[in-house]
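**Student:** Coordinates for the following, if possible.
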Amino acid sequence: MAYLKEIRFNWDKVESRNRYPFDIPSLKRIKSIYFKSNVTFFVGENGSGKSTLLEAIAQNCGFCVKGGSRNSLLTDDVDDLSLSSILTLAWLPKVSNGFLLRAETFYDYASYIDSLGPEAYASYGGKSLHMQSHGESFLSLLQNRFGGKGIYLLDEPEAALSPQRQLVLLRIIRQLEKDGKAQFIIATHSPILMAYPDADIYSFDHSPIIKVQYEETEHYQVTRGFLNNRDKVLEELFSDD
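**Tutor:** Model (predicted):
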């Protein structure tokens, strides 16, 4: 079962909902989000708020918002208007182990590990993350750094992974969560990743967010429609040329 059971939004702490991030349509009317599965996906268009919420969860977990765990000393850029300031996280039991992995700031995290010296590489496959391809370094971190009881937050991990390596990621997630020791919350655009069995999927394209089935996601529908009718889709797409 999931360690993080619920996120409560304390809107009475907000003076105005007309400024970012409190004005995000998918979030500004919501009171709580519940977690029942070990694997939960946040999906939606760019700018819909999924990464903003994931970052706020990370801050409340004590993780560095540029990536890392509670022990990471990478400098954060956090302002007083962070969404984390109005969140209450309900745990059963509370876990302190975990990690935030962000594709957007992964370079900064890899540089931080280099700054610690070669002795730090043991937890990352034995060599600098910069000495591996983007996809290799992602998987190396996942395979070597993740483990045990913890909550793992992934922000668009598919940005560094080929379709084949996204399948590898699914297997890693399965190995970590199958005995109930790991909880994952993943913001993604990938229809491959969000196909993970028995996962909960929250769509941020609604106001407030709602839980949806895999086949109801735009990602699945657009991908399936394109693959099944590629010529027709391209003809319609280029019809004004």
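**Student:** residues making contact with the helix-or-strand element of the chain with minimal mean pLDDT?
**Tutor:** One helix or strand of the chain scores below all others by mean pLDDT, DSSP states H and E: helix 106-115, with a mean of 78. Residues from elsewhere that reach helix 106-115 (C-beta atoms under 8 Å, 6 or more residues apart in numbering): 66-68, 72-74, 102, 120-121, 124, 128-130, 134, 137-138, 160. Just so you know, the C-beta spots here come from the backbone N, C-alpha and C atoms, and that holds for glycine as well.
**Student:** ok, now with 10 Å
**Tutor:** Residues outside helix 106-115 that contact it (C-beta atoms under 10 Å, 6 or more residues apart in numbering): 64, 66-68, 72-75, 99-102, 105, 120-121, 123-124, 128-132, 134, 137-138, 141, 145, 155, 157, 159-160.
**Student:** Next SSE downstream of that helix?
**Tutor:** Proceeding N to C from helix 106-115, the next assigned helix or strand is helix 134-145, under DSSP states H and E.
**Student:** In contact with P118: list those residues for me.
**Tutor:** By C-beta under 10 Å, 6+ apart, P118 lies in contact with G126, K127, S128.
**Student:** Check D23 too.
**Tutor:** V14, S16, R17, G49.
**Student:** quick one: low-confidence ranges for the chain?
**Tutor:** 1, 71-81, 241 (pLDDT under 70).
**Student:** Tell me who's in contact with the nearest residue to K50 once chain neighbours are set aside.
**Tutor:** Once flanking residues are discounted, K50 sits nearest to F42: 3.7 Å by C-beta to C-beta, 6 or more residues apart in numbering. F42 is in contact with 26, 33, 48-54, 57, 153-156, 185-188, 194, 200-204, 209, counting by C-beta under 10 Å, 6+ apart.
**Student:** Would you mind writing the CA trace of the one helix or strand F42 maps to as PDB?
**Tutor:** Using DSSP H and E, F42 sits within strand 39-43. Only the C-alpha atoms of strand 39-43 are listed here, as PDB (Å, rounded to 0.1, in the frame of the first residue of the first chain):
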ATOM      1  CA  VAL A  39       2.200   3.800  -8.600                       C
ATOM      2  CA  THR A  40       0.300   7.100  -9.600                       C
ATOM      3  CA  PHE A  41       0.600   9.100 -12.700                       C
ATOM      4  CA  PHE A  42       0.000  12.800 -13.200                       C
ATOM      5  CA  VAL A  43      -0.800  13.500 -16.800                       C
END
